[in-house]
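Chemist: I'd like to go over a predicted model; first the sequence, then the structure.
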Amino acid sequence: MSSDKRRTEDRSGSVVSPDGTEIVYWTSGTGPPLVLAHGSGVSDHRRWEIAGVRPALAEHVTVYALDRRGRGESGDSPEYSLEKEVADVVGVVEAVGEPVALLGHSYGATIALEASLLTDGIARLVLYEPGIAVGDHELAPPEVVAELNDLLEEGENEEALLLFCRVIAGLTPEEIDVFRSDPSWRDRVDGAHTLPREEQAIADLELRPARFAGMTTPTLLLSGGESPRAYQDATAVVHGALANSRIVTFEGHHHVAMQTAPERFVEEVLAFVRETSGHHTEGKSTTTETYDTESEADPKRVVDRWFAEFWGELNPDIVDELAAEDILFHYTLVGEVRGREAVKARIVGFAELFPDGGFELTHEPIAEGEWVVARWEGGGTHTGPAWELSVGTLPANSGRTAHYTGTTVYRVRDGTIAEEHGQADYIAAMQQLGLVPGGDEATD
């Protein structure tokens with residue numbers, strides 16, 4: 001669709017997905033094309049009407065707000081899968097007829113991320129807290145999904161939807177009240193049967209960063225500073241997997257800043273979309289800062305020094321100098337701790353287990369504002385005390401050596417490490433240490 005044919009009045013169109021399901025989208029505005037993929041919570045395109053987000057966007061861009069399958073005016077199919085949802089979004093993107101910016105929220109962000117691998121029609125990607133379970137997080141614990149199903153079987157659709165909003169989406173009572181007062185609430189209740197299938201799709205999804213190694217699509221990641229840790233960690237891990245991304249954090253807001261900070265949300269999205277079309281972006285407001293790369297406070301330089309001394313030399317003294325007092329430190333194998341003393345205990349404990357251990361950066365860190373992504377490798381020989389893990393116990397002075405790789409995302413605040421979120425090839429390490437099958441049992 002060429003820009004001179006776009007009209008300002010609201011209208012609908014549709015595409016037929018490969019499985020024969022009709023997917024409806026609603027179009028408004030003029031300007032560069034922006035496709036919106038809503039999340040769960042039994043949303044449809046009206047999700048973007050709350051707090052006036054879609055009309056505000058449509059003053060500057062052409063908005064294509066789709067109804068995901070089983071929602072709104074779109075059809076559905078007896079068999080459900082994430083792959084079908086991804087194909088739906090790809091169909092809408094390609095129907096536009098020119099490269100688009102694609103914005104997805106929560107589960108919609110997961111779909112949008114997957115769609116970016118299947119079409120050349122996406123010029124830019126905006127992902128608000130993808131619904132992906134990373135590390136030891138469960139976005140929807142099995143017992144919660146079971147309770148959802150029980151409520152639905154009893155015909156308690158509204159209670160099921162409220163349970164989803166509270167426990168899975170992590171919304172505050174005030175945020176839920178906004179949803180309940182919106183005219184779309186009754187339709188959300190009627191469609192609550194779609195919730196368990198989407199939560200099962202999330203549980204079955206594994207984020208494999210290598211799949212995105214060749215992806216260069218410019219990506220804006222949005223996150224709420226008060227969102228559940230599971231969503232923040234998912235955003236950080238996706239950031240680490242992408243070669244061309246940056247994060248904007250809505251401090252003081254949760255998983256739905258589009259309704260609690262709509263003006264700021266629209267401002268960030270429009271600034272990013274205008275970069276796509278070559279427009280000059282004035283007044284762009286983000287939580288990131290511009291740093292002098294020669295300054296000791298430059299995030300990348302802070303991470304370089306931290307990594308060299310903390311992980312390279314296993315030196316706990318650097319924590320008092322370079323870590324924020326409330327540092328958040330999270331690695332999937334050993335969990336999450338907060339505060340300087342807890343972080344010191346982690347590195348001291350590692351040094352006791354692997355006295356010759358250490359890690360080094362394999363590539364120059366990538367920095368965007370206060371966020372830095374580092375790729376590393378290392379390990380050591382276990383000559384320390386016994387080590388008890390959930391997968392087994394390594395006997396004292398086992399003499400086994402582990403060498404593995406990983407990626408860590410850092411948040412640097414005021415020249416200090418405020419957050420450290422790491423993912424590593426722990427399976428390979430556990431195999432080498434003889435804790436899980438597949439390692440070399442003769443290693444010493």
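Modeler: Right, received. Where do you want to start?
Chemist: which SS class is residue 333?
Modeler: Counting by DSSP: H, G, I helix; E, B strand; the rest coil, the backbone at residue 333 sits in coil.
Chemist: try residue 234
Modeler: Residue 234 is classified as helix under three-state DSSP.
Chemist: show me what contacts it?
Modeler: Residue 234 sits next to 129, 130, 131, 132, 133, 134, 137, 207 when contact means CB atoms under 8 Å, 6 or more residues apart in numbering. No exception for glycine: its C-beta is placed from N, CA and C like everyone else's.
Chemist: okay, now the unreliable bits of the protein?
Modeler: For the chain, the stretches with pLDDT under 70 are 1-9, 11, 42, 276-297, 439-444.
Chemist: rewinding a little: redo the contacts of residue 234 as a markdown table? Include secondary structure, distance to residue 363 and neighbour count.
Modeler: Shown next, in a markdown table, are those (DSSP: H, G, I helix; E, B strand; the rest coil; distance: CB to CB, whole Å; neighbours: other CB atoms under 10 Å):
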| residue | secondary structure | distance to residue 363 | neighbour count |
| --- | --- | --- | --- |
| 129 | coil | 27 | 31 |
| 130 | coil | 24 | 28 |
| 131 | coil | 29 | 27 |
| 132 | coil | 24 | 24 |
| 133 | coil | 27 | 19 |
| 134 | coil | 21 | 20 |
| 137 | coil | 27 | 17 |
| 207 | coil | 20 | 17 |
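Chemist: just flag the most distant two among those.
Modeler: Greatest spacing in the contacts of residue 234, by CB to CB: 129 and 207 (13.5 Å).
Chemist: residue 361 and residue 304, how far apart?
Modeler: According to CB to CB, to the nearest Å, residue 361 and residue 304 sit 8 Å apart.
Chemist: same check, this time on residue 409
Modeler: For residue 409, the distance to residue 304 equals 15 Å [CB to CB].
Chemist: looking at those two, which is more packed in?
Modeler: Between residue 409 and residue 304, residue 409 has the larger neighbour count (other CB atoms under 10 Å), namely 24 against 16.
Chemist: which non-adjacent residue is nearest that one?
Modeler: Among residues not flanking residue 409 along the chain, residue 236 sits closest, at 4.3 Å (CB to CB, 6 or more residues apart in numbering).
Chemist: tell me who's in contact with that neighbour.
Modeler: Applying CB under 8 Å, 6+ apart to residue 236 gives the contacts 247, 371, 409, 419, 421.
Chemist: in strands, which of these appear?
Modeler: Judged by DSSP state E, these include 247, 371, 409, 419, 421 as members of strands.
Chemist: coming back round to it: can I get the contacts of residue 234 in TSV with distance to residue 112?
Modeler: Shown next, in TSV, are those (distance: CB to CB, whole Å):
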residue	distance to residue 112
129	12
130	8
131	11
132	12
133	17
134	17
137	20
207	14
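Chemist: and those residues, which is closest to residue 105?
Modeler: residue 129 (7.5 Å).
Chemist: so which strand or helix has the closest residue to the closest one other than its chain neighbours?
Modeler: Excluding its sequence neighbours, the residue lying closest to residue 129 (CB to CB, 6+ apart) is residue 231, at 4.1 Å. Here residue 231 sits within helix 229-241, counting by DSSP states H and E.
Chemist: run the chain-centre distance for that helix.
Modeler: Counting by CA atoms, centre = their mean, to the nearest Å, helix 229-241 is centred 4 Å from the centre of its parent chain.
Chemist: repeat for stretch 351-364
Modeler: Per CA atoms, centre = their mean, the centroid offset for stretch 351-364 relative to its chain is 28 Å.
Chemist: residues in contact with it?
Modeler: Here stretch 351-364 has contacts from 304, 307, 311-314, 350, 374-385, 387, 405, using CB under 8 Å, 6+ apart.
Chemist: of these, select the buried ones using a PyMOL command.
Modeler: Typed into PyMOL, the line below selects the buried ones among the contacts of stretch 351-364, using 16 or more other CB atoms under 10 Å:
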select buried, resi 304+307+311+312+314+350+374+376+378+379+380+381+382+383+384+387
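Chemist: helices - which of the contacts of stretch 351-364 land there?
Modeler: Among these, the ones falling in helices (DSSP state H) are 304, 350.
Chemist: narrow the contacts of stretch 351-364 to those in strands?
Modeler: Among these, the ones falling in strands (DSSP E) are 374, 375, 376, 377, 378, 379, 380, 381, 387, 405.
Chemist: run through the bridge partners of the fifth one.
Modeler: In this structure, residue 378 bridges to residue 359, residue 404 when assessed by DSSP bridges.
Chemist: what is the burial count for the nearest residue to residue 33 once chain neighbours are set aside?
Modeler: Spatially, and ignoring its direct neighbours in sequence, residue 33 is nearest to residue 100 (4.3 Å; CB to CB, 6+ apart). Residues near residue 100, counting by other CB under 10 Å, number 26.
Chemist: got phi/psi on residue 100?
Modeler: phi -120, psi 160 (degrees, to the nearest 10).
Chemist: may I have the residues that are in contact with it?
Modeler: Taking CB under 8 Å, 6+ apart, one finds 32, 33, 34, 35, 64, 93, 121, 122, 123 in contact with residue 100.
Chemist: which single one of the residues you listed is nearest to residue 178?
Modeler: residue 34 (23.1 Å).
Chemist: wait, doesn't the closest one sit right on residue 56?
Modeler: No - applying CB atoms under 8 Å as the test, residue 34 and residue 56 come out as separate, 11.7 Å apart.
Chemist: the more surrounded of the two?
Modeler: Between residue 34 and residue 56, residue 34 has the larger neighbour count (other CB under 10 Å), namely 27 against 19.
Chemist: so the more buried one, which state does it fall into?
Modeler: Three-state call for residue 34 (three-state DSSP): strand.
Chemist: beta partners for it?
Modeler: According to DSSP bridges, beta-bridge pairing links residue 34 with residue 63, residue 101.
Chemist: report the contact partners of it.
Modeler: Neighbour list for residue 34: 57, 61, 62, 63, 64, 100, 101, 102, 103, 269, 273 [criterion: CB under 8 Å, 6+ apart].
Chemist: how near is it to residue 165?
Modeler: Residue 34 sits 26 Å away from residue 165, taking CB to CB as the criterion.
Chemist: over to residue 407?
Modeler: Separation of residue 407 from residue 165 (CB to CB) stands at 32 Å.
Chemist: swap in residue 364?
Modeler: 42 Å.
Chemist: give me the element residue 25 is part of.
Modeler: Judged by DSSP H and E, residue 25 forms part of strand 22-28.
Chemist: list the buried residues of that strand.
Modeler: For strand 22-28, burial by neighbour count (16+ other CB under 10 Å) applies to 23, 24, 25, 26, 27, 28.
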